[in-house]
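**Student:** I would like to see how this sequence folds:
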Amino acid sequence: MRLPVFLSLVLVAGISTAAETTDSVSAATATVWGEYLRPQLDRAYPANDSVSRNEFLRGLCKAFSTPASEAPYLRGLSEGMVLSQRIKQIQEMGLPVDVENFCNSLRDALAGKSTGFDRKSADAYLNSYLGRNTAPDTVSISSQQEFLNKQLERKSVIKTSSGLLFEVITDGTGQQHPSLTDKVKVTYTGRLSDGTVFDSTDEPVTFDVNRLVKGFTEGLLMMKPGGSYRLFIPASLGYGKKGIDGVIPGNSVLDFDVKLIEIIGNK
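**Tutor:** Numbers count the residues shown, from 1 in each chain. The predicted structure follows:
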């Protein structure tokens with residue numbers, strides 16, 4: 001039996017409206033979740049890495065068609081990806097973690113079986129291991145002097161009467177130099193003699209000239225706005241025998257790239 005024309009039109013309109021509603025709800029929901037996920041995606045894979053971003057999205061959408069029976073495996077995989085990064089960081093700290101042995105012991109630990117340690121003895125063992133195998137928080141005076149001597153072999157490096165070594169990268173403009181009572185705006189990168197960066201600026205920062213280590217202050221007093229210097233600051237003009245715990249070993253030479261952006265004055 002044929003439906004009346006008006007009833008046919010109503011049913012078609014209803015189907016169309018339902019489809020449009022589903023599309024709109026789906027798009028709106030995706031927009032909300034997109035705002036939540038995009039920062040994570042951008043942090044993990046930059047916008048120009050289209051291959052990785054597409055693989056991420058492929059895996060994300062694959063989850064919707066994955067049987068519930070595989071959910072525990074996928075959850076373990078997700079946790080494992082995070083854990084693997086932590087283990088890599090631990091290995092970089094000098095702890096010799098073997099991944100296969102770690103996973104076998106982890107199975108025992110999660111099953112409540114003995115691994116030969118409890119939490120207290122495990123912490124104590126790891127701390128003891130790090131203490132035995134971590135270099136002391138000081139460097140030899142002779143190694144630092146050797147580093148300074150190598151710099152002096154370069155004709156562009158000059159030594160002042162205080163023992164500061166400096167190299168002019170860009171001379172700067174004008175005749176004005178900072179005074180001890182001035183504030184200055186600078187950018188810099190600070191390294192140890194082995195090249196380890198212990199501090200750097202992403203944006204210009206403002207300092208009081210007379211509230212810095214002696215070698216840094218002395219270097220700034222020679223500079224002009226727009227100038228870039230490389231400063232080799234011996235420990236006697238830096239942080240001395242003590243250094244800064246966990247950051248700068250005692251006796252360290254400080255190797256700074258410094259750019260003087262602006263002399264603010266003593267307002």
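
**Student:** at which residues are the helices of this structure located?
**Tutor:** Along the chain, the stretches classed as helices by DSSP state H are 5-44, 50-62, 71-92, 99-110, 119-133, 141-152, 214-222.

**Student:** so the second one versus helix 71-92, what angle?
**Tutor:** Our comparison of helix 50-62 with helix 71-92, counting by axes from the mean of the first three to the mean of the last three Cα atoms, to 10 degrees, yields an angle of 140 degrees.

**Student:** same question for helix 50-62: list its buried residues.
**Tutor:** Buried residues in helix 50-62, counting neighbours by 16 or more other Cβ atoms under 10 Å, are found at R53, F56. Yep, even glycine has a C-beta here, placed from its N, CA and C like the rest.

**Student:** and that helix, how far from the chain's centre?
**Tutor:** In terms of Cα atoms, centre = their mean, to the nearest Å, the centre of helix 50-62 is found 25 Å from the chain centre.

**Student:** contacts for that helix next, please.
**Tutor:** With Cβ atoms under 8 Å, 6 or more residues apart in numbering as the test, helix 50-62 has contacts from L41, A44, Y45, A47.

**Student:** roughly how far apart are S50 and V184?
**Tutor:** For S50, the distance to V184 equals 43 Å [Cβ to Cβ, to the nearest Å].

**Student:** likewise for F102?
**Tutor:** 50 Å.

**Student:** higher neighbour count, these two?
**Tutor:** Higher neighbour count among F102 and V184: V184, with 24 against 14, using other Cβ atoms under 10 Å.

**Student:** spatially nearest residue to that one (excluding sequence neighbours)?
**Tutor:** Nearest residue to V184 in three dimensions, chain neighbours excluded: P178, at 5.2 Å (Cβ to Cβ, 6 or more residues apart in numbering).

**Student:** remind me, longest strand of the protein?
**Tutor:** With secondary structure taken from DSSP state E, the chain has its longest strand at strand 254-265.

**Student:** low-confidence bits of the protein, can you list those?
**Tutor:** Low-confidence segments of the chain (pLDDT under 70): 1-19, 93-94, 130-136, 265-267.
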